[in-house]
Every structure is written in C-alpha cells, then in structure tokens.
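Participant: Return a 3D structure for these sequence lines:
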Amino acid sequence: MKTEPTPRTEAAEGTGPSSPDTPDTPDTPDAPDPRTTDPDPGPGPGSTDHRPAHRRDLIAAALAVLLVTAAILIGRYVQNRTGTLQVQWPPLLASWDPHLGPGTPAALTMAVLVVAYGPPLAARLPWRGLLAAAWAGSTAWVFSMALIDGWYRGVERRLTTKHEYLRVIDRFDDIPATLRDFTNHIVIGEPGNWPAHVAGHPPGATLTFVWLDRIGLGGGAWAAVWCVVVGSSAVLAALITVRVLADERLARRAAPFLVLAPAAVWAGVSADGYFAAVAAWSVALLALAATRRVRFPAAAAVGGGLLFGWTCYLSYGLGLMAAVLLAVLVVTRTARPVVPFLLGALVVPVVFTLVGFNWWTAYHLLVERYYQGAGGVRPYAYWVWANLACAVLAAGLAAVAGVRRSASYAFGAVRELRTGTMRPAQRLAVLVVAALVALLAADLSGMSKAETERIWQPFLLWLLPAAALLPARTARYWLVASVVPALLINHLLWTGW
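Facilitator: Just a heads-up that it's a prediction; the model follows:
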C-alpha cells in the first residue's frame, strides 16, 4: 500500500498508530501521543491517559440507551392513548412474543464464537481468507437469526405475505406492458392497486423476484436464500471499501462488527438486505476505481454506476446513497471515475424510461399512497426522533460509540483535506459521517416514519465500520453490547414488515 506524506510531529502511516484509538491530530480532544507504537497503550509512563476518550464513548452509548428507553416509554403511552403510531411495540414494528426456535443454538454459538475468536482471527487471516470467512459468517448469522422464528415463519413465508413482492409475480407475464402500466396501480383506490411493498418501491425490486421465478427459483424459500446470501455480501463490499480508502488494519478491526451486525434481525429475511448489498457494491467499485486498486479502473467505475442506477430502481430513497459515493471522491481527492460512473448510472434509468416507466411520476404517486395509509396517521413529531432509536437497535452500541469518534475525527479531516494528509481513521470517519448525513436526510424527509430498523439497512451498514475506531482491547465488550440486544429482540419479539 502506498504511503502518505508524513506531517510534522506525526508518525508515518503504517509506523505509528493509524488512529483507530486516537484522533488524527494532536490538538483534538481525544488525542494521545501519535508517536506511540501501541495504538491503545493505556495510562502509564510515556503514554497518554485514554480514559477521557473511553468515557465519552460510554456516555454516547448511555445516551443511546436513554433514547431507546424514551422511545419505548413515550411510544407505548402514545400508542395506547391514540393508536396513531401504528405499531404494537414502539418504536419497532413488532409484537410481544417470547419464543425459542431451531436457530437459537446456532445464533448463540455464532455470537460466542465471533466475540471470542473474531478479533484475533480477523487480524491474522490472509485477506482473501478473511473475506471468505466474513461472508460465510454473516450469512450464517443472518440465517440463524431468521431461524429463531422457524423455517416456515422466519424464512419461507417472509416474502410471500400480502404486502410482499411475490404476491404479484403472475402479473408480470408481459414485463414491458406491466412496466408501462405500473404507475396506474400505485395509489389506493385504483383497480388492482399494488401491495404495499410493490407500490412503495420502483419495479426493479419486484423484477428481481420475477426473474428468479423465470429461471426456476420461484417461491418464498428461494427468494429468502437470494436475499440473505446476496445481502450478506454487503460485508465484503464494506471491508473492501474500508481497506482501499483507509487501510487494511481498520478493515480487519471492523470485520467482526460487520459479521455480527444487529441488523441481521431484519435482514433475515427482507429484501432490504439485498438492496443494501447492491448499494454497497456500488460504493466499493467506485472506491476501487478512485484509488486505482484494480486493473481496469474505468470498468470498475462503470460497474459502480450501473449498480447505483439499479439501486435507485430498487428503492426511491436510496438515491441518498449519493452522499456516501461523494465521500469516496472527497477522500480520494479525484474526479477521474466520475464520467464513467455517470455513464454507467444512466443505463438503468434510460432502459426503464424507454420501456415506459416514469420514475418521477411513480415517486409522486408513492407520496400520495404513503399518506393514504399509515404514513398519513403516524405523527412526525414522534418518529423524527424515534426513528433514530430504531437505528440504534439495528446498528448497535458499538456503532454509536464509533460514530461519536468519527464525528470527532471528521473535524480534523476537513482541515487536512486540502493538503491530502488525511490519515486512515480520518478517511474512514468521512465515509461514516456521509452515511450518517444520508440517514438523517431520510429521517427528516418524513417518508420514513417507523420500520427504519429495516428500511435503513443500506445506510446503517456504513456506520458499523466506525467500531474499528474503538480501542482494540475493548472490541469484545462492544461486540457483546451490540449483539445481546439483537438476540433479545429476536427472542422476545415477533418482528414483522
């Protein structure tokens, strides 16, 4: 990996700490001595006392717990009094249902193994071996969480309920004709209006399952396997992106947190996990093109653009992923991939438009449909902050503490951006903050009232690597703090969508 210019009084990248445990400039509030060779030496002679930084991490986590508690208590009060939240166990779309299932032993085993052995294995495995292990581990984690609800209820039936895409497969016999007519069935009251999830997304989401059916992989089981296996590959995209934009060390430290993502509760099984993977690979390919870490950077940029175009036809709100893509260009300080990326991004919209589907018309009709249903009843004043409590549960407390550090590091990154001397932790921080900005924009839009623990998976994915900025010696504690709530949610609640 090429080295960066070495600023005065700071260790060269790769010789000193790459700042997972320290901010990137000596004058930031959490800054230890950047000349130390141990990224987290702890208090003692010749080292910096890290307790203020750790204390702030714990305060951030405690505030997140208070936010979730407030969302539960206030939510229950509002729901019991008015019923306007339209969820049974606010802030989550869930109902009280304590249960065990065939996935329980597997989920507990996965959690124990990754907490105990994940951090050292991530540090020692060959890079390709780590990628394979991460994908396999993420897939196993998501499947085991889904199987806590049983095979039929938790996997096979999930994508076949009355709101889901598989309900309308037979209406796509003539795909061009259906696309031309798609917008005529979005609003409630129109003849043959689409189920909620079909109406709430561009047709690319439904077409995915139509094409699976056409190649002989029809039905809920195959659809579930597709969403989990493809969705779990988002971990690979995130690791590759962090490696090329920041450094390999931070990517390795992020791996256990990506594998044991609490969002597995909702990724197994929902199409949003698949959406997250498509968006993530768009970011990864752009990062590879911008850093020229592939043999054909232009081809990677075109591929990233194609996937971003497809992402926008999977979910209307995922155009906000442009913030993360822009962060890639900012961190790499290059515009080289922009033209091929945009050329690739135009392909999917042009094809759909030529066939007869108008994205903008469909979006405006969706807004009308949204306010015809629960979106018109759910109070913005509650959900604009309770959505963030859902995000805490889906991302985990480790991500919360990591985001706190990212925000701190990002200030130094802005100062050093002009000189191109951003260090690895600062580059990662910019990526994380960009994802946070996209998430907050979705929140403020008013089009994400409830169910954000599932809907925001494409944004939440990019908050998880922030945990790599936490001290390595505390990794297991933070993994436990993130995983235990996820296991409790999956065993105590029935989560629906």
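
Participant: Name the nearest residue to residue 304, sequence neighbours excluded.
Facilitator: residue 285 (3.4 Å; CB to CB, 6 or more residues apart in numbering). Bear in mind the C-beta positions are built from the backbone N, C-alpha and C, glycine included.

Participant: pretty sure that neighbour belongs to a strand, no?
Facilitator: No: Residue 285: not assigned to a strand; according to DSSP: H, G, I helix; E, B strand; the rest coil it is helix.

Participant: which ones are touching it?
Facilitator: Residue 285 makes contacts with 300-301, 303-304, 307, as judged by CB atoms under 8 Å, 6 or more residues apart in numbering.

Participant: could you measure it against residue 291, distance?
Facilitator: 11 Å (CB to CB, to the nearest Å).

Participant: and what of residue 325?
Facilitator: Distance from residue 325 to residue 291, by CB to CB: 14 Å.

Participant: So for these two, which sits in the more crowded spot?
Facilitator: residue 325 (24 against 21; other CB atoms under 10 Å).

Participant: Outside of the helix or strand harbouring that one itself, list whatever touches it.
Facilitator: Element membership for residue 325 (DSSP states H and E) is helix 322-332. Here helix 322-332 makes contact (CB under 8 Å, 6+ apart) with 241, 245, 282-283, 286-287, 290-291, 304, 308, 335, 337-338, 341, 417, 422, 427, 430-431, 433-435, 437-438, 441, 462.

Participant: Produce a ChimeraX select command limited to the buried residues of those.
Facilitator: Entered in ChimeraX, the line below selects the buried ones among the contacts of helix 322-332, by 16 or more other CB atoms under 10 Å:
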select :241,245,282,283,286,287,290,291,304,308,337,338,341,417,422,427,430,431,433,434,435,437,438,462
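
Participant: Tell me the confidence at the residue nearest to residue 304?
Facilitator: Residue 285 is assigned 98 on the pLDDT scale.

Participant: do residue 191 as well
Facilitator: pLDDT, read off for residue 191, is 86.

Participant: One more: residue 418?
Facilitator: Looking at residue 418, the pLDDT reads 78.

Participant: Just give the number of residues close to it.
Facilitator: Going by other CB under 10 Å, the residues that sit close to residue 418 add up to 9.

Participant: Kindly report the same for the one 3 residues further on.
Facilitator: Other residues near residue 421 number 18, with proximity taken as other CB under 10 Å.

Participant: Going along the chain, name the helices of the stretch 351-497 of the chain.
Facilitator: Here the stretch 351-497 of the chain has its helices, by DSSP state H, counting those that start in this stretch, at 359-372, 380-395, 397-417, 424-444, 452-455, 457-460, 475-492.

Participant: mean pLDDT lowest for which of those helices?
Facilitator: helix 397-417 (a mean of 91).

Participant: returning to that earlier point: next, format the helices of the stretch 351-497 of the chain as CSV and append distance to residue 468.
Facilitator: Shown next, in CSV, are these (distance: least, CB to CB, whole Å):
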stretch, distance to residue 468
helix 359-372, 36
helix 380-395, 14
helix 397-417, 7
helix 424-444, 7
helix 452-455, 23
helix 457-460, 16
helix 475-492, 9
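
Participant: Quick check: which of the ones you listed is nearest to residue 345?
Facilitator: The closest of the helices of the stretch 351-497 of the chain to residue 345 is helix 359-372. By CB to CB, the value is 12.8 Å.

Participant: Give me the helices and strands touching the closest one, please.
Facilitator: On a contact count with 3 or more CB pairs under 8 Å, 6 or more residues apart in numbering; DSSP states H and E, helix 359-372 meets helix 338-355.

Participant: pLDDT averaged over stretch 310-319 - what is it?
Facilitator: 98.

Participant: So what touches it?
Facilitator: Residues contacting stretch 310-319 (CB under 8 Å, 6+ apart): 200-205, 208, 271-272, 274-275, 278-279, 282, 321, 348-349, 352, 359, 362-363, 366, 442, 445, 447-448, 455, 458.

Participant: which of those residues count as buried?
Facilitator: 200-205, 208, 271-272, 274-275, 278-279, 282, 321, 348-349, 352, 359, 362-363, 366, 442, 447-448, 455, 458.

Participant: And stretch 198-218, end to end?
Facilitator: 17 Å (CA to CA, to the nearest Å).

Participant: how much distance is there from it to the middle of the chain?
Facilitator: Averaged C-alpha coordinates place stretch 198-218 at 22 Å from its chain's average position (CA atoms, centre = their mean, to the nearest Å).

Participant: Confirm that residue 201 sits in a strand.
Facilitator: No: with three-state DSSP as the criterion, residue 201 is assigned coil and is not in a strand.

Participant: Next up, phi/psi of it, please.
Facilitator: When read as degrees, to the nearest 10, the backbone of residue 201 gives phi -140, psi 150.

Participant: residues near the closest residue to it other than its chain neighbours, how many?
Facilitator: Distances taken as CB to CB, 6+ apart put residue 315 closest to residue 201, at 5.5 Å, once the chain neighbours are dropped. Using other CB under 10 Å, residue 315 has 23 neighbouring residues.

Participant: ok, and for the helix holding residue 325, which residues are buried?
Facilitator: For helix 322-332, by 16+ other CB under 10 Å, it's 323-325, 327-332.

Participant: and of the helices of the stretch 351-497 of the chain, who's closest to residue 98?
Facilitator: helix 475-492 (5.2 Å).

Participant: about what we covered before: quick check: the residue nearest to residue 304 vs residue 202, distance?
Facilitator: 21 Å.

Participant: Residue 148 now?
Facilitator: The value you get for residue 148 to residue 202, if CB to CB is used, is 32 Å.

Participant: for residue 105, same thing?
Facilitator: When residue 105 is compared with residue 202 (using CB to CB), they lie 39 Å apart.

Participant: again with residue 58
Facilitator: 42 Å.

Participant: Any stretches of the chain with poor pLDDT?
Facilitator: 1-50 (pLDDT under 70).

Participant: so what's the closest residue in space to residue 435 that isn't next to it in sequence up against?
Facilitator: Leaving aside its chain neighbours, residue 435 sits nearest to residue 462 (3.4 Å; criterion: CB to CB, 6+ apart). Contact analysis of residue 462 by CB under 8 Å, 6+ apart lists 238, 280, 283, 324, 431-432, 434-435.

Participant: go again using 7 Å as the cut-off
Facilitator: By CB atoms under 7 Å, 6 or more residues apart in numbering, residue 462 lies in contact with 238, 324, 431-432, 435.

Participant: Then residue 478?
Facilitator: So residue 478 contacts 397-398, 401, 467, 470 (CB under 7 Å, 6+ apart).

Participant: From residue 397, how far off is it?
Facilitator: 7 Å.

Participant: The spatially closest residue to residue 101 that is not a sequence neighbour: neighbour count?
Facilitator: Spatial nearest neighbour of residue 101, chain neighbours left out: residue 148 (4.2 Å); criterion: CB to CB, 6+ apart. For residue 148, the tally of surrounding residues (other CB under 10 Å) stands at 23.

Participant: again, but for the one 3 residues further on
Facilitator: Close neighbours of residue 151, defined as other CB under 10 Å, add up to 15.

Participant: how far away is it from residue 213?
Facilitator: 20 Å.

Participant: try residue 51
Facilitator: 57 Å.

Participant: who has more neighbours, those two?
Facilitator: residue 213 (17 against 10).

Participant: List the residues that contact the closest residue to that one other than its chain neighbours.
Facilitator: Closest residue to residue 213 apart from its sequence neighbours, by CB to CB, 6+ apart: residue 169 at 5.3 Å. Residue 169 is in contact with 209-210, 213, counting by CB under 7 Å, 6+ apart.
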